[in-house]
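Trainee: Requesting a structural model of the entry that follows:
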Amino acid sequence: MSQLLQLEQRLAELKKEKHGLFSELKKVLHQENEIRQRETERQMKEQKSVQYNSSSVVAEFLSSAHLFWQLCCVPLVCTMEHHQLL
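Mentor: Purely as a prediction, here's the structure:
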């Protein structure tokens, strides 16, 4: 009979240990999920930043090209058209 009690006690200890291990596993999985989400958010922000910077570069280029066109090419075209009319 004492062996049966010992086995039941050991079973109760193992169940307690199992519960503790599952609780620990749940915490670790939750932490990993949070880390993964933060990393995903960081990457998305980084991509948006790169896209924004790319858009800014393109906008600057177009603005510069437009300014160049206005300063250099438009007067030249107007002069050429004026000479053709004569």
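
Trainee: do you know how far Lys26 is from Glu17?
Mentor: 15 Å (Cβ to Cβ, to the nearest Å). All C-beta spots, glycine's among them, are computed from the backbone N, C-alpha and C.

Trainee: The helix or strand where Gln9 lies - contacts with which helices or strands?
Mentor: For Gln9, the host element (DSSP states H and E) is helix 2-68. Packing partners of helix 2-68 (3 or more Cβ pairs under 8 Å, 6 or more residues apart in numbering; DSSP states H and E): none among the helices and strands.

Trainee: Lys16: neighbouring residues, count only.
Mentor: 10 (other Cβ atoms under 10 Å).

Trainee: pLDDT score for it?
Mentor: Note for Lys16: predicted pLDDT of 97.

Trainee: per-residue pLDDT, Ser55?
Mentor: In this prediction Ser55 is given a pLDDT of 66.

Trainee: Where does pLDDT dip in the protein?
Mentor: 50-55, 57-59, 61-62, 65-86 (pLDDT under 70).

Trainee: Mind doing that once more with 90?
Mentor: 1, 42-86 (pLDDT under 90).

Trainee: what number of residues lie near Glu46?
Mentor: 10.

Trainee: Glu39 versus that one, what's the distance?
Mentor: Taking Cβ to Cβ, one finds Glu46 at 10 Å from Glu39.
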